[in-house]
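Colleague: What would the 3D arrangement of this be:
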Amino acid sequence: MAHGRPTKRRDMFPAAFILPPLVWQASFFITPLVFLVWMSFWRVKNFRLTRDFVTANWERIYNAGFFYDAYVHTFTLATVNALVVSVLAFPAAYFLAFRAGPKVRQLAIVFLVTPFFTSYLVRIYSLQIILAEHGIINSALGLVGLGPITMLSTSFATVVGFLTLTLPLVILVQLLALSQVDKRLMEAASNLGVPPFEAVFKVVIPSAKVGLIMAGTFGFLLSFGDYVSPLFLGGSKPPTLSILIADQVKSGNNWPRASVVAVTMVVTLVAVLLLMTSLAYAKRGKK
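Modeller: Numbers count the residues shown, from 1 in each chain. Below you'll find the model as predicted:
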């Protein structure tokens, strides 16, 4: 009996560290999500929320063509951003992981972290100056007799905003994944006469598959729910789901319909996260 109590205390010690994150998730994610689902069945009467249990909000949103247009547009933009940011981030992450020295790597990490200490909204406003019809890019093009090119209020500008948001994070996640790759595998491939470019696809990418897939997934998740870039760079035309939520709230204070859109977004994000996680660990699980 005397030896049993210390063992129980040691077993409960890790639980003391697990409990706070669980409480946090339950308080600020699960509980609001449950309330959001519940609110989607309320109704608006005389511009005031009324507690009820009706399915009219789900029927109205799911039977509306503008909802499916916004959903496809949002999903497409997020997918494009995930692919583009993954491709753009990989050379930088590869250089930092395999070619750069420790000091260069540390300095690069500082520069990659710095954007997270600045306002995302301010960065988007600065992009307006760069992408505007009389902005920096078009002014430079005008010097060589080109332009102006319309970039603001387009899907291109929205994706540029998404890249501003996600590129530093994706590079850091890819760098972490590539840093775990055994460099002896690269040396063995070189000794066997495998060209460096081919070794990247046959050795590096398969070895860092989990981290690379999750990095791209983060790029999708962050851009799928973003509101700032579609509004200030994309011009809300066509609207994304985040803008659609704001429109539903502004239109007659219709929080229940906005809740339907929000719940749909959350379900989509969770489904994509589970799908990509299973894809990342697929082969490892089989082994």
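
Colleague: all contacts plus neighbour counts: C-alpha atoms, from now on.
Modeller: Noted.

Colleague: The closest residue to residue 280 other than its chain neighbours - how many residues pack around it?
Modeller: With C-alpha to C-alpha, 6 or more residues apart in numbering as the criterion, residue 280 has its nearest non-adjacent residue at 4.7 Å, and that residue is residue 210. Counted with other C-alpha atoms under 10 Å, the neighbours of residue 210 add up to 20.

Colleague: ok, now which ones touch residue 210?
Modeller: 177, 280-281 (C-alpha atoms under 8 Å, 6 or more residues apart in numbering).

Colleague: So among those residues, which ones count as buried?
Modeller: Buried residues within the contacts of residue 210, counting neighbours by 16 or more other C-alpha atoms under 10 Å: 177, 280.

Colleague: Which of the contacts of residue 210 fall in helices?
Modeller: Counting by DSSP state H, the part of the contacts of residue 210 found in helices is 177, 280.

Colleague: how about the strands in the stretch 1-150 of the chain?
Modeller: 43-45, 48-50 (DSSP state E, counting those that start in this stretch).

Colleague: what's next to stretch 174-188, contact-wise?
Modeller: The contact list for stretch 174-188 (C-alpha under 8 Å, 6+ apart) reads 89-90, 93-94, 96-98, 199, 203-204, 207-208, 210-212, 215.

Colleague: same thing but 6 Å
Modeller: Applying C-alpha atoms under 6 Å, 6 or more residues apart in numbering, the contact partners of stretch 174-188 are 93, 97, 208, 211-212.

Colleague: again, but for stretch 147-166
Modeller: Where contact means C-alpha under 6 Å, 6+ apart, the residues beyond stretch 147-166 that reach it are 131-132, 138, 141, 219, 223, 229-230, 233-235.

Colleague: Keeping just the C-alphas, turn it into CSV.
Modeller: C-alpha atoms of stretch 147-166 as CSV (Å, rounded to 0.1, in the frame of the first residue of the first chain):
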residue,chain,number,x,y,z
GLY,A,147,0.1,48.6,-67.5
PRO,A,148,-1.8,49.6,-65.6
ILE,A,149,-3.0,46.1,-64.5
THR,A,150,-6.1,45.8,-62.4
MET,A,151,-5.1,43.7,-59.4
LEU,A,152,-7.2,45.0,-56.5
SER,A,153,-10.8,43.6,-56.1
THR,A,154,-9.7,40.4,-57.8
SER,A,155,-9.1,36.8,-56.6
PHE,A,156,-5.4,37.3,-57.4
ALA,A,157,-5.2,40.1,-54.7
THR,A,158,-7.1,37.9,-52.3
VAL,A,159,-4.6,35.1,-52.7
VAL,A,160,-1.7,37.5,-52.3
GLY,A,161,-3.3,38.5,-49.0
PHE,A,162,-3.6,34.9,-48.0
LEU,A,163,0.1,34.4,-48.8
THR,A,164,1.0,37.3,-46.6
LEU,A,165,-0.9,35.6,-43.7
THR,A,166,0.3,32.0,-44.2
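
Colleague: what is the mean pLDDT for it?
Modeller: Average pLDDT, stretch 147-166: 92.

Colleague: From the chain's centroid, how far away is it?
Modeller: Relative to the chain's own centre, stretch 147-166 is displaced by 17 Å; criterion: C-alpha atoms, centre = their mean, to the nearest Å.

Colleague: just to revisit the earlier point, can you put the contacts of residue 210 in CSV and add distance to residue 28 and pLDDT?
Modeller: Below are those laid out as CSV (distance: C-alpha to C-alpha, whole Å; pLDDT from 0 to 100):
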residue, distance to residue 28, pLDDT
177, 29, 95
280, 28, 91
281, 28, 90
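
Colleague: circling back to that earlier point, list phi and psi for the residue nearest to residue 280.
Modeller: Dihedral pair for residue 210: phi -60, psi -50, per degrees, to the nearest 10.

Colleague: Just the pLDDT at it, thanks.
Modeller: Residue 210 is given a pLDDT of 94.

Colleague: State the distance from the residue nearest in space to the middle of the chain to residue 164.
Modeller: The chain has residue 222 as the residue nearest its centroid, 2.3 Å off, counting by C-alpha atoms, centre = their mean. For residue 222, the distance to residue 164 (C-alpha to C-alpha, to the nearest Å) stands at 11 Å.
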